[in-house]
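Student: let's see this in three dimensions:
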Amino acid sequence: MWIFAGILGAIGCSQNFSDQEPAAAMAERGFTARSTTSATPAPALSQASGRQALGPLSAVAPKGWVAQQPSSSMRVAQYGLPGPAGEATLGIFFFGSGQGGSIEANIERWFGQFKQEDGQPAQGRRWTRQVGGIEITGVDVSGTFSAGMGMGDTTPQAGYRMLGAIAVHRSGTVFFKMTGPAQTVGQWAASFDEFLSTLQAGSVEPKY
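Tutor: The predicted model follows:
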């Protein structure tokens, strides 16, 4: 009987075992990976409505944005933005309270991912705005884009544009990064501003 009980215990433990490894990039930076596993693909926003949870904040995504399964555990949400020049992607990141680095460090890194045709650093625009109790710092930069290590395809992409934003609230900081062909990003620039204007503090409960 003791042998039989031991076998049952071993089977029970094996059912709770997970072979999922923590993201190396998160570990190197001292972050804790956030699970984004989903049984089904995220639906297109044209088929859904309501406020979307983005870590400690929430917002209402504009019509035409396509919700996607986040490509990494560092992303709390991801949207595809279609266009004739190719799809742009908006990644939204929340690393935890007090994590993610300073505004200046992130903006410097974002600008450093773009170069002009002559190889010189790209020039861009920087702005700030207030939405309720949320302070938003944004950037708009164009040129040849090269993603950083651990950020997917690192092949330089000419004719790219990025709209970035850092939303700071006492409950946490959320990072927004839209990248893609300049024509596509330009097509969705107004809706990106619209999206940021809907930001609110406080998450939302999922609907079942």
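Student: what about this protein, any weak spots by pLDDT?
Tutor: Judged against pLDDT under 70, the low-scoring parts of the chain cover residues 1-49, 148-153, 203-208.
Student: let's see that with 50 instead.
Tutor: Within the chain, the stretches falling below the threshold (pLDDT under 50) are 1-49, 149-150, 206-208.
Student: residues contacting the closest residue to residue 130 other than its chain neighbours?
Tutor: Leaving out its chain neighbours, the residue that sits closest to residue 130 by Cβ to Cβ, 6 or more residues apart in numbering is residue 136, at 7.3 Å. Placement of C-beta: from N, CA and C, glycine included. With contacts defined as Cβ atoms under 8 Å, 6 or more residues apart in numbering, residue 136 is in contact with 128-130, 165-168, 196, 199.
Student: so residue 136 belongs to a helix, correct?
Tutor: No - when classified by DSSP: H, G, I helix; E, B strand; the rest coil, residue 136 is found to be strand rather than part of a helix.
Student: how much space between it and residue 160?
Tutor: Residue 136 sits 22 Å away from residue 160, going by Cβ to Cβ, to the nearest Å.
Student: do the same with residue 73
Tutor: Summarising the geometry, the distance separating residue 73 from residue 160, computed by Cβ to Cβ, is 25 Å.
Student: neighbour count: those two, which is higher?
Tutor: More crowded of residue 73 and residue 160, by other Cβ atoms under 10 Å: residue 160, with 23 against 18.
Student: and that one, what is it in contact with?
Tutor: Counting by Cβ under 8 Å, 6+ apart, residue 160 makes contact with 114, 142-145, 179-182, 185.
Student: my read is residue 110 is in a helix, agree?
Tutor: Yes - under the criterion used here (three-state DSSP), residue 110 sits inside a helix.
Student: where exactly do the strands run in the protein?
Tutor: For the chain, applying DSSP state E gives strands covering 52-54, 57-59, 66-67, 75-81, 88-93, 114-115, 124-131, 134-145, 157-169, 172-181, 200-201.
Student: residue 191 is nearest to which of those?
Tutor: Distances from residue 191 to each of the strands of the chain were compared by Cβ to Cβ, and the smallest falls on strand 75-81, at 8.2 Å.
Student: what's the angle from that closest one to strand 88-93?
Tutor: Going by axes from the mean of the first three to the mean of the last three Cα atoms, to 10 degrees, strand 75-81 is angled at 170 degrees with respect to strand 88-93.
Student: please pick the buried ones from the contacts of residue 136.
Tutor: Buried subset of these (neighbour count, 16 or more other Cβ atoms under 10 Å): 165-167, 196, 199.
Student: report the two of those residues separated the most.
Tutor: Distance extremes for the buried ones among the contacts of residue 136: the farthest pair is 166 and 199 at 11.7 Å, using Cβ to Cβ.
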